[in-house]
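Q: build the 3D model from these lines:
(one chain, ligands or ions: 1)
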Amino acid sequence: MPRPTAPSRSLLPLIVGLAALVAIVAALGPARGGDDRPPRAPTAAVPAATTPPPADRTTTRADGDAPGLPADRGRDWAVSGADARAARVPILMYHLVADAPAGTAYPDLWVSPSTFRAQVAALRRAGFEAVTMGEVWAAWHGDGRLPRRPVVLSFDDGALNQVMNAAPVLLRAGWPGVLNLTVQNLGDDGLPLWGARRMIRQGWEIGSHTVTHPDLTTLGPDALRDELVRSRRMIRNRLGVDPRFLCYPAGRNDAGVRAAADAAGYHGATTVDAGVAARSDDAFLLPRIRVQPSTGPAELVRLARGA
Ligand SMILES: [Zn+2]
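A: Numbers count the residues shown, from 1 in each chain. Here you go, the predicted model:
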């Protein structure tokens, strides 16, 4: 007949071992899974490293905003290979999308929301489909595809009316925009941080339009480098995306500016020179098509076709 203490003596090493394991787990911190505690609330500041890059359009809903572009965007685009490398792409240049206030100093910078809606509708009817500079670059220099009639819609400087009046129109079309952001405009007096983040979630690409919008040709080497490098870093830190295209303030550039932009790591830069862009252009002298309040929908389609 076995003694009654025998089973507990044989279990003793196991019990001691389990107790030691529990102590080790407790010392290491909270269990990773299996508990029912709610996840920690995200902190207000979004670290750059956890924000999806602009190419990742599968994660679009961070809050109650409308969703962004579909995750399978571009899969069915018809133009690839040599045809994609040879594609000519109109890059439209917008500034403010709002009714110009009476007596404004620069009436040509304002396109009314109704004109903008009519322009986008006309481009769609003509078969155009909007792409980002990154998508153009991938098609010109990699194995990226393009739609049959690609067009880039770029918006300079950064203003509240761009997220309020332009972004919803593009979202309804399923199109991305390109925001050439002057970093000092980011804030409640210009384009609020939430606005820029919303545009990114909706598929917009952010380009650098420098920190303070100076005439880059007038700067010494240190100040020039600062505008090009620091703007890129500030956009990375505040918005979590890395701008790879520069837009020269007022189009002002020279050989020194272009070399500095190249050295700062940009793929290319857009100007205010008129024309339809192609891979054969100097990547740091890409032309654009200026859209003015008087540019009617049919006229814009004609310009985008390179006529
Ligand atoms: Zn500007």
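Q: need the pLDDT of the residue nearest the centre of the chain.
A: Geometric centre of the chain, nearest residue: Glu205, 2.2 Å, by Cα atoms, centre = their mean. Here, the pLDDT recorded for Glu205 equals 98.
Q: what residues are up against it?
A: Pro54, Thr132, Met133, Gly134, Pro176, Gly177, Val178, Leu179, Val241, Phe245 (Cβ atoms under 8 Å, 6 or more residues apart in numbering). Yep, even glycine has a C-beta here, placed from its N, CA and C like the rest.
Q: leaving out the residues flanking it, which one is nearest to the fifth one?
A: For Pro176, the nearest residue in space outside its immediate sequence neighbours is Gly203; the separation is 4.0 Å by Cβ to Cβ, 6 or more residues apart in numbering.
Q: surely that neighbour forms part of a strand?
A: No: counting by DSSP: H, G, I helix; E, B strand; the rest coil, Gly203 is not found in a strand; it is coil.
Q: ok, it touching Val178?
A: No: counting by Cβ atoms under 8 Å, Gly203 sits too far from Val178 to count as a contact (10.3 Å).
Q: which residues are common contacts for these two?
A: Thr132.
Q: ok, those two, which is more surrounded?
A: Val178 (29 against 23; other Cβ atoms under 10 Å).
Q: is the more buried one in a bridge, and if so with what?
A: Ser154, Glu205 (DSSP bridges).
Q: OK, contacts around it?
A: Counting by Cβ under 8 Å, 6+ apart, Val178 touches Thr132, Met133, Val152, Leu153, Ser154, Phe155, Trp204, Glu205, Ile206, Gly207, Phe245.
Q: redo that, cut-off 6 Å
A: Thr132, Met133, Val152, Ser154, Glu205, Gly207 (Cβ atoms under 6 Å, 6 or more residues apart in numbering).
Q: now distance to the ion too, for those residues, in TSV please.
A: Listed next are the contacts of Val178 as TSV, based on distance: Cβ to the ion, whole Å:
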residue	distance to the ion
Thr132	19
Met133	16
Val152	16
Ser154	11
Glu205	17
Gly207	11
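Q: and the closest residue to the ion within the stretch 201-307 of the chain, how far from Trp77?
A: Nearest residue of the stretch 201-307 of the chain to the ion: Pro249, at 5.0 Å (Cβ to the ion). Pro249 sits at a distance of 32 Å from Trp77 (criterion: Cβ to Cβ, to the nearest Å).
Q: quick one, what contacts Leu96?
A: Leu109, Trp110, Ala159, Asn161.
Q: and the last one, which of the three is it?
A: If I follow you right, that is Asn161. helix.
Q: so which bits of whichever strand or helix holds Arg124 are buried?
A: Assigned by DSSP states H and E, Arg124 belongs to helix 113-125. In terms of neighbour count (16 or more other Cβ atoms under 10 Å), helix 113-125 has its buried residues at Pro113, Thr115, Phe116, Arg117, Ala118, Gln119, Val120, Ala122, Leu123, Arg124.
Q: can you check stretch 72-85 too?
A: In stretch 72-85, counting by 16+ other Cβ under 10 Å, buried: Arg73, Gly74, Trp77, Val79, Ala84, Arg85.
Q: wait, doesn't the fifth one sit right on Ala139?
A: What it means is Ala84. Yes: at 3.9 Å, Ala84 counts as touching Ala139 under the criterion of Cβ atoms under 6 Å.
Q: common neighbours of those two, please.
A: Leu146.
Q: any chance of the contacts of Glu205 in CSV, plus pLDDT?
A: Below are the contacts of Glu205 laid out as CSV (pLDDT from 0 to 100):
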residue, pLDDT
Pro54, 39
Thr132, 98
Met133, 98
Gly134, 97
Pro176, 97
Gly177, 98
Val178, 98
Leu179, 98
Val241, 97
Phe245, 98
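Q: from memory Val131 sits against Arg149, does it?
A: No: applying Cβ under 6 Å, one finds Val131 not in contact with Arg149, separated by 10.1 Å.
Q: okay, those two: which has more neighbours?
A: Val131 (29 against 19).
Q: now for Leu286: which residues touch it?
A: Gly268, Thr270, Ala277.
Q: hmm, back to that, nearest to Arg258 among the contacts of Val178?
A: Proximity of these to Arg258, judged by Cβ to Cβ, is greatest for Gly207, which lies at 15.5 Å.
Q: packing partners for the helix or strand where Ala261 lies?
A: Taking DSSP H and E as the definition, Ala261 sits inside helix 255-263. Contacts defined by 3 or more Cβ pairs under 6 Å, 6 or more residues apart in numbering; DSSP states H and E place helix 255-263 against helix 221-239.
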